[in-house]
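Chemist: Mind looking at a prediction? Sequence and model below.
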Amino acid sequence: MTLSNPAAIWLIAGLVLMVAELVIPGGIVVFVGLSAVITGGAWFIGLVNTWPNAFVLFFILTMVLILAFRGVTQKLVGGDSHIANTDEDLDVYGKTATVVETIGPGQHMGRIEFQGTQWPALGDGREILAGAQVKIVCHENISLLVEPIAAGVDQNIADNPIVNSK
């Protein structure tokens with residue numbers, strides 16, 4: 001068989017595709033390669049003798065093999081069944097961030113740095129200075145709502161005028 005022989009071309013292409021399945025796993029490329037090998041065999045024994053007929057046979061075989069056997073091979077081989085958290089908001093709640101642009105007083109929006117990215121942030125009405133550590137409370141539109149983290153002192157007690165007047 002020489003490389004000008006269509007049966008050899010189909011056979012080599014099919015074998016290359018089947019070996020490529022080891023590099024590109026997914027369970028489909030092996031069926032495409034198997035279709036090419038079968039098409040090469042059909043050309044070799046004389047069932048097909050023109051390129052258009054070979055391509056038609058190849059495409060039909062590929063579809064039949066994929067539809068008939070992919071489900072079976074997926075059950076035998078298995079796959080990645082890891083289920084990750086799909087609610088990205090749950091991943092940010094309670095995490096700490098650093099204020100890079102003063103937040104507040106009132107509804108004045110500032111900026112925080114969280115996971116290497118700057119985000120617009122709103123506070124609870126108090127002024128939170130740049131450089132302070134904050135805890136992310138919730139997510140509102142594209143802004144994060146934060147509250148200050150007091151170092152060793154409960155911030156609510158420290159800001160309460162009734163407690164401080166005693």
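Modeler: Arrived safely.
Chemist: contacts and neighbour counts: CA atoms only from here.
Modeler: Fine.
Chemist: Report the buried residues of the longest strand that the chain contains.
Modeler: Scanning the chain for the longest strand, with DSSP state E as the assignment, gives strand 133-140. Buried residues in strand 133-140, counted by 16 or more other CA atoms under 10 Å: 133-139.
Chemist: for those residues, which one is nearest N53?
Modeler: In terms of CA to CA, no member of the buried residues of strand 133-140 lies closer to N53 than H139, at 59.5 Å.
Chemist: What's the separation between the closest residue to the closest one other than its chain neighbours and E101?
Modeler: In space, and not counting its chain neighbours, H139 is closest to L145: 5.9 Å by CA to CA, 6 or more residues apart in numbering. Separation of L145 from E101 (CA to CA, to the nearest Å): 14 Å.
Chemist: swap in F69?
Modeler: For F69 relative to E101 (CA to CA), the value is 58 Å.
Chemist: swap in A42?
Modeler: From A42 to E101 the distance is 72 Å (CA to CA).
Chemist: Name the residues that touch stretch 95-110?
Modeler: For stretch 95-110, the surrounding residues in contact (CA atoms under 8 Å, 6 or more residues apart in numbering) are 111-114, 120-136.
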